[in-house]
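*Asks:* A predicted structure for the sequence below; I have some questions about it.
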Amino acid sequence: MSNVAQDIPILYEDRYLLALDKPAGLSAESGGASHPSAETWAREYLRQTTRRQRPYLRVVHRLDRVSSGVLLLAKNKTTLQHLMAQFEAHTVVKVYVAQVMGQLPAEAGTLRHHIGRSADGRRAVVREAPFAGSRPADCHYRVLERSQDGRCWVVLTPITGRFHQLRAQLARMGCPIVGDEPYGGPPWEPNAICLHALRLQVQHPASGKRLSIEAPVPGSWGFCTDGAQGP
């Protein structure tokens, strides 16, 4: 039996949950996409470790293919429903770190916009005022470091979870994420942007205790996130 666990780091696992450190370039959900997914990988991992041919496993939340970091999966339907309810109630704490091109106006603050989708559904449209089909999008931010070449490291804690929210909001501020060319960012690595899901805090569906899961920033970034506890 091959040790598939070596392919994607496992951050946490029990009988209810599985948390992975998803690399950039890998889709979160399998769906109908032709490229590989973390969900497919994790299901094969469970097949090999539990000897069950069809283990139940579902991704709980979204994480863009080009982003990296903490990805949470549920091992049964009750757990999935419990965790999804937390996301819908906005009680989950999500902390991201990003490198952007440009300088945010203050050392800390809140980004408030309204977000909708483009006509083809592939991109987010961001404006300051509400528009047809838009929904409010809020995110706290704190600058970690400003570089002399015009870049900025920032820690982000989104309050809402809209489609491409962080990518689109930062671009709207004139600070697109490095590598995020669709939103005006400079080129970086193929199929990857400098946006990483650093930490995820949820209520454990069985114990009720607060569970905090963290994924280290990829070594290729060349950046240490000490002190990135959130805005």
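*Replies:* Ah, there it is.

*Asks:* what about residue 207, how many neighbours?
*Replies:* 10 (other C-beta atoms under 10 Å). Any C-beta I mention is one placed from the backbone N, CA and C, and that applies to glycine too.

*Asks:* go on, residue 145?
*Replies:* By the criterion of other C-beta under 10 Å, residue 145 has 13 neighbours.

*Asks:* repeat that for the one 10 residues further on.
*Replies:* In terms of burial, residue 155 registers 22 neighbours under the definition other C-beta under 10 Å.

*Asks:* and the contacts of the strand or helix carrying it?
*Replies:* Residue 155 belongs to strand 151-158 when assigned by DSSP states H and E. The contact list for strand 151-158 (C-beta atoms under 8 Å, 6 or more residues apart in numbering) reads 93-104, 137-147, 165-166, 170, 175, 178, 198, 223, 225, 228-231.

*Asks:* now the strands for the chain?
*Replies:* 10-13, 17-22, 58-59, 68-74, 93-101, 108-117, 124-127, 135-146, 151-158, 195-203, 210-214 (DSSP state E).

*Asks:* reformat the ones you listed as JSON lines; add distance to residue 184 and mean pLDDT.
*Replies:* Listed next are these as JSON lines, based on distance: least, C-beta to C-beta, whole Å; pLDDT from 0 to 100:
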{"stretch": "strand 10-13", "distance to residue 184": "32", "mean pLDDT": "97"}
{"stretch": "strand 17-22", "distance to residue 184": "24", "mean pLDDT": "97"}
{"stretch": "strand 58-59", "distance to residue 184": "28", "mean pLDDT": "96"}
{"stretch": "strand 68-74", "distance to residue 184": "20", "mean pLDDT": "97"}
{"stretch": "strand 93-101", "distance to residue 184": "8", "mean pLDDT": "97"}
{"stretch": "strand 108-117", "distance to residue 184": "16", "mean pLDDT": "97"}
{"stretch": "strand 124-127", "distance to residue 184": "12", "mean pLDDT": "96"}
{"stretch": "strand 135-146", "distance to residue 184": "18", "mean pLDDT": "96"}
{"stretch": "strand 151-158", "distance to residue 184": "14", "mean pLDDT": "96"}
{"stretch": "strand 195-203", "distance to residue 184": "14", "mean pLDDT": "98"}
{"stretch": "strand 210-214", "distance to residue 184": "29", "mean pLDDT": "97"}
